[in-house]
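S.K.: pasting the structure only:
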Ligand SMILES: O=C(O)c1ccccc1NCC(=O)[C@H](O)[C@H](O)COP(=O)(O)O
């Protein structure tokens, strides 16, 4: 079983339990459910945008512990102040050490920043959770979902006023994914089935195949600001970065350095 299959199996059990504890009506009555979302797409496309979506991530299956004792409010507020175009918050507990409270705290501390719920979405219920917890964007991973599921989850996100980030890793996933409800296409440089890192080949190869009406972002393994310059040249407007910031003592300061050094 690949790690992605293990994660998805765990998600099916988690969603089953969550539904039995909190109904959709209860999610709908949360204070964030009716808020107007901040657009990540607009933020990435804005003149002078850093393009960086800075991720709050304590640990990961590929790297183990990264920074287990960090404060989500402090780090995400630092990211927002330092010029992140958006912030990504892991809500998966079992594999990434995240939680719904991380997202809720990030939202309450940063009302104006576009917030991505980073998790493994398999059920429209999780899209409702994302809205209830303050997210503006949900991630759909093509490697885990059928085309029908991508449409179902994407339609639910749009119905709730959220944006959709579709993640692909290769041409097959890109070509077989329906794009009707997709706002942003992300190319993951890490193969989530075996953790091979493509050295940005995935991003460089797929750039010209992504439909031109989608904002393109490159995800994972970005470990030097010069990489951002190269990816910009091949058409990328966004860069999702977690570990390179989170492994430092001051993730927001690391983000600032990336923003300064990736300009020009
Ligand atoms: O990061 C992992 O090990 C991982 C394993 C299995 C599924 C997803 C995984 N990561 C999710 C992500 O997409 C990354 O956290 C994100 O792109 C940031 O990557 P990085 O800058 O390399 O931390």
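M.R.: Now that the structure is in, tell me what you want to look at. Small disclaimer: the values here were computed from a predicted structure and weren't measured.

S.K.: Near the ligand, which residues of the stretch 1-150 of the chain are found?
M.R.: Residues of the stretch 1-150 of the chain lying near the ligand by Cβ under 6 Å from any ligand atom: 3, 55, 57, 60-63. C-beta here means a position set from N, CA and C on the backbone, and glycine is covered the same way.

S.K.: quick one: which of the residues you listed is most hemmed in?
M.R.: Compared across these, residue 55 has the highest neighbour count, 28 neighbours, by other Cβ atoms under 10 Å.

S.K.: circling back: pLDDT and secondary structure added to the residues of the stretch 1-150 of the chain next to the ligand, as a markdown table?
M.R.: As requested, these are exported to a markdown table (pLDDT from 0 to 100; DSSP: H, G, I helix; E, B strand; the rest coil):
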| residue | pLDDT | secondary structure |
| --- | --- | --- |
| 3 | 92 | helix |
| 55 | 98 | strand |
| 57 | 97 | coil |
| 60 | 95 | strand |
| 61 | 93 | coil |
| 62 | 90 | coil |
| 63 | 92 | coil |
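
S.K.: Looking at the residues you listed, spot the one nearest residue 211.
M.R.: Nearest to residue 211, judged by Cβ to Cβ, of these is residue 55 at 24.9 Å.

S.K.: Now do the same contact list for that closest one.
M.R.: Taking Cβ atoms under 8 Å, 6 or more residues apart in numbering, we find residue 55 in contact with 87-90, 118, 240-242, 245-246.

S.K.: Which pair of the residues of the stretch 1-150 of the chain next to the ligand spans the longest distance?
M.R.: Farthest-apart pair in these is 3 and 55; separation 18.0 Å (Cβ to Cβ).

S.K.: Dihedrals phi and psi, residue 117?
M.R.: phi -80, psi 110 (degrees, to the nearest 10).

S.K.: quick one, what contacts the residue of the stretch 51-200 of the chain found nearest the ligand?
M.R.: Across the stretch 51-200 of the chain, the shortest distance to the ligand (Cβ to the nearest ligand atom) belongs to residue 62, at 3.0 Å. Residues in contact with residue 62, defined by Cβ under 8 Å, 6+ apart, are 190, 195.

S.K.: Let's have the contacts of residue 55 in JSON lines, adding secondary structure.
M.R.: Compiled in JSON lines, the contacts of residue 55 are given as follows (DSSP: H, G, I helix; E, B strand; the rest coil):
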{"residue": "87", "secondary structure": "strand"}
{"residue": "88", "secondary structure": "strand"}
{"residue": "89", "secondary structure": "strand"}
{"residue": "90", "secondary structure": "strand"}
{"residue": "118", "secondary structure": "strand"}
{"residue": "240", "secondary structure": "strand"}
{"residue": "241", "secondary structure": "strand"}
{"residue": "242", "secondary structure": "coil"}
{"residue": "245", "secondary structure": "helix"}
{"residue": "246", "secondary structure": "helix"}
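
S.K.: next one: phi and psi at the residue nearest to residue 60 when sequence neighbours are not counted?
M.R.: Sequence neighbours aside, residue 96 is the residue nearest to residue 60 in space, at 5.9 Å (criterion: Cβ to Cβ, 6 or more residues apart in numbering). Phi and psi for residue 96, reported as degrees, to the nearest 10, are phi -120, psi 0.
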